[in-house]
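Visitor: Quick one, structure for this:
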Amino acid sequence: MFERMKAHDYEPAHKENVYYPFSGREEWELTKFLVNNLNQGQITQFLKIVMGEVQKDTSLLILCTLSGIKIETDGYITTHPVHLIWHDALGVTKHIFGNPVFANDMEFNPYEITINGEPEYSEWMSSSCAHTIQACGATLVSIVLASDKTLVTRQTGGLEMHPTFLTIANIRSDVRMKATAHAWSCIAYMPIPEFVCNPKFSSLLQARVWHWCMDIVCQNLKHTVAEGMGMVDPLGFLRYAFTPLCVDPWKVQEFQELAKVLYLSGVQLPFWQDWRFTDPAYFLAPEILHTCHKFFFNHILKWCKEVISANELDAHFHSLHKCIGTRHFGQGVTHVQQMTGQEHRDIQHTIVPTIAGIADADFVCAIRALVDFIYKAQSPTFTPTSIADMASSLQEFHDFKHTILHAEAHRGTSGPIEHFNIPKLELLASFARAIPNLGSIMSFTADVSKCMLITQCKTPFQCMSHQHATFTQQVVCLLDQEESAHQFDIYTLLRSNNLSLNNLIANEYDEVVDMDPTLGWMMHVTPEEVSHFQGPRPVHNHFLKGLLSDDSKVAPHVTVSSVLTDKAPLFVAQLYKLPDFSEKLRLFVVANVNDSTTSHFQSRPLKVWNKFHLQLHSMLCLHLVMPSQQVQAYPPSTNYPFSNCNTMLLWTENTDATVAQVCMVFSLSKKGTSLPPELDQPLLYVQLSDIIAHPKDNIALMMFCVKRQCVTGPNGVQVRVGKIVPLVDVTHAVELVPVYRERANRSISSSMSLECYDTFFLNNFSNKEWYHTLHTNFM
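Guide: Model (predicted):
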């Protein structure tokens, strides 16, 4: 890719000034600022004022050739001319495949991984399809396409765009499924014709036009998959590549009627008809966002609302303790008509324990089984055993779904529905069959394409003139400018520092935090220039330096500066309303120091923090270091009269795992006599809970149940059991959901729920990592 730029006519000038045709880096940075913040008219006016009439030849920045053709719809009239704006899909494929940014994240050959004698399916190259298609001496460049239609106007106007995006399955899914990684490219803006005809036929004619246009855009990819061609990979090597895609039909009325009888769409010339190795039974991958998350919102959530009532469900969500990183639905969830995919996930996190104890046990079992299936389907790796386990969760739902009908929870506009003829529910059965053929279906989720509808359509549209005839062309020009500027940035940075245009593989980044590939490359070759690149910042890896648990699986950390410094233990105990704190501190010091200086350490001033962070390795991708989780321990305040403290799992010497609520984060001051190692570390004051029920005790819910440890105090009042433990004993941040029994107390808010209830469910579904950890290590 960069070699094309190097071979440009400007190369002689670049030997003196790599930013040519710009005078230097300053003018190039100004140009980027103007393009990103002003429209074309404002830019022209600015240049006239500051520099006079200046024209720059930026042909160096044009990376792909834009095409546009008029589509003739013979025999059918449209309200506006039908135009297709597109890039050659093969050219875009070459551009992505040869991009050196992805050199560390590219797979070229099918492979097999065996876990306990079973094949593991993850990336597309590990799937059976890749092995079936692979030819000796050839490289598969598997095409991934996504297409969706979206409104770009707000409230009025009704203007729509229908982009089609392309990437390749050779790029690791955790990289290509990020919209900021520049792994996807828009290859076409499909026409959205409005036919002057019977409305019954309009959608069919639109579908035919879409397939016709896709056939035009992908024509060269079809030739390549049939005959092969040379493609340059990110390291500059030439590879022999193939590009697989992971009745009279024009008598519309008669054809459509016959097609409906056969449950067909009525499109007689699908774009994949002559695409070698292409079978819609394989390449139409199951899709998590709509099939699972949208299905949850449209059906599962409504079933729960019907069974326990909308008012009760809202009261439960209102009183849930707020957790960092998850939306808290303070106004409830039943009144919202439209949500984002992330909000669907946030409701899934707590829906099962929220309805437990109120809904019938068999109903809870059916809902829990479906949520289990959704979580298991999102795993990045599978074996035949895990696929069977996922399928068993779906079967468990079918075994108990009759309770939903008996409760009349499945309803339509005219009343209860006595069947489950739901297309999205039927599609769930295809997941188990698709995974061996395609790899993990999370690799093909529509989340990234939905995000790109914003970046490639809605956002640039706001900078346009909004004219029906030209707004698509204007959007295309703007996006071409942005992508070209991004590539020119990298090119000039490498050339100005006399660095190789090839991204040489850096082994030290094989086991690291999740990082943008461009940023990772620049950090390796020229770290001082990283600030010039926009994008997600890398997660800081605390495993490299700082505190570690005894098994080195957890890296807890606190900030250098504390909230309180050199405060007496008695003052801190009164601030946090922990009357037994001083005694627990004394016992901890005595247990860890065996000399006469214990009394001195007991009165040592304290440093106090309101929170700490935990960093873990991913259980789903073992090479990946996860972002830190925040655990709060705020003292009582006006907004939180009982304090704002989160819950966690910790290891103790005499027991296995213990659930506890952290109430204070502190350490002894280093001023004065040096501290022994046991005291020279961050400490926690926690209040403990007992596990009173295991998952096997409640098959419908399959969750641990915990109850606060309490003892009878001197005045006969029950008080909670506290303890001081080292910070390094913490293993996970967890979420507790109150056991509501019959009816939630409306006077209890989210700021009080952990303090006003004594019995809780340990939520399996708080996040995917915890779900996998719990099922792997504790169930």
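Visitor: F760 bridge partners, please.
Guide: The bridge-partner assignment for F760, based on DSSP bridges, gives V706, P738.
Visitor: For it, grab the count of nearby residues.
Guide: Neighbourhood size, F760 [other C-beta atoms under 10 Å]: 27. Every C-beta, even on glycine, is put in place using the N, C-alpha and C of the backbone.
Visitor: how far away is it from P636?
Guide: 21 Å (C-beta to C-beta, to the nearest Å).
Visitor: again, but for F297
Guide: From F297 to P636 the distance is 37 Å (C-beta to C-beta).
Visitor: Over to T224?
Guide: From T224 to P636 the distance is 67 Å (C-beta to C-beta).
Visitor: which residues touch the nearest residue to S549 once chain neighbours are set aside?
Guide: Spatial nearest neighbour of S549, chain neighbours left out: V728 (5.0 Å); criterion: C-beta to C-beta, 6 or more residues apart in numbering. Going by C-beta atoms under 8 Å, 6 or more residues apart in numbering, V728 touches 547-550, 554, 556, 681.
Visitor: Show me the shaky parts of the stretch 601-750 of the chain.
Guide: Along the stretch 601-750 of the chain, the parts satisfying pLDDT under 70 run over 652-656.
Visitor: swap in the stretch 51-200 of the chain?
Guide: In the stretch 51-200 of the chain (pLDDT under 70), the answer is 51-68, 75, 155-157.
Visitor: what about the strands in it?
Guide: For the stretch 51-200 of the chain, applying DSSP state E, counting those that start in this stretch gives strands covering 66-70, 83-87, 113-115, 118-120, 139-140, 143-147, 150-151, 160-168, 185-190.
Visitor: again with the stretch 551-700 of the chain
Guide: 554-557, 564-567, 606-609, 611-616, 629-634, 644-645, 647-651, 657-668, 683-693.
Visitor: can you redo these as JSON lines with distance to V717?
Guide: Putting those into JSON lines (distance: least, C-beta to C-beta, whole Å) gives the following:
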{"stretch": "strand 554-557", "distance to V717": "34"}
{"stretch": "strand 564-567", "distance to V717": "28"}
{"stretch": "strand 606-609", "distance to V717": "27"}
{"stretch": "strand 611-616", "distance to V717": "30"}
{"stretch": "strand 629-634", "distance to V717": "24"}
{"stretch": "strand 644-645", "distance to V717": "21"}
{"stretch": "strand 647-651", "distance to V717": "23"}
{"stretch": "strand 657-668", "distance to V717": "18"}
{"stretch": "strand 683-693", "distance to V717": "15"}
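Visitor: so which of the ones you listed is the most packed in?
Guide: strand 644-645 (a mean of 24; mean count of other C-beta atoms under 10 Å).
Visitor: Output the contacting helices and strands for that strand.
Guide: strand 629-634, strand 657-668 (3 or more C-beta pairs under 8 Å, 6 or more residues apart in numbering; DSSP states H and E).
Visitor: Sheet-wise, list the partners of it with their directions.
Guide: The strands that strand 644-645 pairs with in its sheet are strand 629-634 (antiparallel) (by DSSP bridges).
Visitor: how distant is the strand it pairs with from the center of its chain?
Guide: Taking C-alpha atoms, centre = their mean, to the nearest Å, one finds the center of strand 629-634 at 23 Å from the center of the full chain.
Visitor: What of stretch 549-566?
Guide: That offset, for stretch 549-566, works out to 27 Å (C-alpha atoms, centre = their mean).
Visitor: quick revisit: more crowded one of F297 and P636?
Guide: F297 (18 against 15).
Visitor: and the closest residue to the more buried one other than its chain neighbours, what element?
Guide: Computed as C-beta to C-beta, 6+ apart, the closest residue to F297 that is not its neighbour in sequence is H344, at 4.9 Å. Assigned by DSSP states H and E, H344 belongs to helix 341-355.
Visitor: Which strand or helix spans A226?
Guide: Here A226 is assigned to helix 219-227, by DSSP H and E.
Visitor: If you count neighbours, what's buried in the helix or strand just after that helix?
Guide: Past helix 219-227, further along toward the C-terminus, the next helix or strand under DSSP H and E is strand 229-232. Neighbour counts over strand 229-232 (16 or more other C-beta atoms under 10 Å) mark 229, 231-232 as buried.
Visitor: what's the answer for stretch 312-329, then?
Guide: Quick answer for stretch 312-329 (16+ other C-beta under 10 Å): 312-321, 323, 326-327, 329.
Visitor: now swap in stretch 29-40 and tell me
Guide: 31-32, 34.
Visitor: what does stretch 749-762 give?
Guide: Those would be 750-755, 757, 759-762, for stretch 749-762 by 16+ other C-beta under 10 Å.
Visitor: Name the residues that touch the helix holding H344?
Guide: Contacts for helix 341-355 (C-beta under 8 Å, 6+ apart): 289, 293-294, 296-297, 300-301, 304, 307-308, 313, 316-317, 320, 326-327, 329, 333, 336, 339, 363-364, 367-368, 371, 374, 447, 450, 701, 703, 735, 737, 740, 761, 763-767.
Visitor: Buried only: go through these for me.
Guide: Buried, going by 16+ other C-beta under 10 Å: 289, 293-294, 296-297, 300-301, 304, 307-308, 313, 316-317, 320, 326-327, 329, 333, 339, 363-364, 367-368, 371, 374, 447, 450, 701, 703, 735, 737, 740, 761, 763-767, out of the contacts of helix 341-355.
Visitor: so which of the strands of the stretch 551-700 of the chain gets nearest D279?
Guide: strand 611-616 (40.5 Å; C-beta to C-beta).
Visitor: elements contacting the helix or strand harbouring K305?
Guide: K305 is part of helix 301-308 when elements are defined by DSSP H and E. Using 3+ C-beta pairs under 8 Å, 6+ apart as the contact test, the elements touching helix 301-308 are helix 341-355, helix 361-377.
Visitor: what's the angle from that helix to helix 361-377?
Guide: Comparing the axes of helix 301-308 and helix 361-377 via axes from the mean of the first three to the mean of the last three C-alpha atoms, to 10 degrees yields an angle of 160 degrees.
Visitor: For the next helix or strand after helix 301-308, report the contacting residues that lie outside it.
Guide: With elements assigned by DSSP H and E, the helix or strand that comes after helix 301-308 is helix 310-319. Residues from elsewhere that reach helix 310-319 (C-beta under 8 Å, 6+ apart): 304-305, 329-335, 347, 350, 354-355, 358, 738, 740, 743-746, 748-750, 752-753.
Visitor: One more: stretch 23-30?
Guide: Here stretch 23-30 makes contact (C-beta under 8 Å, 6+ apart) with 17, 19, 22, 488, 492, 496.
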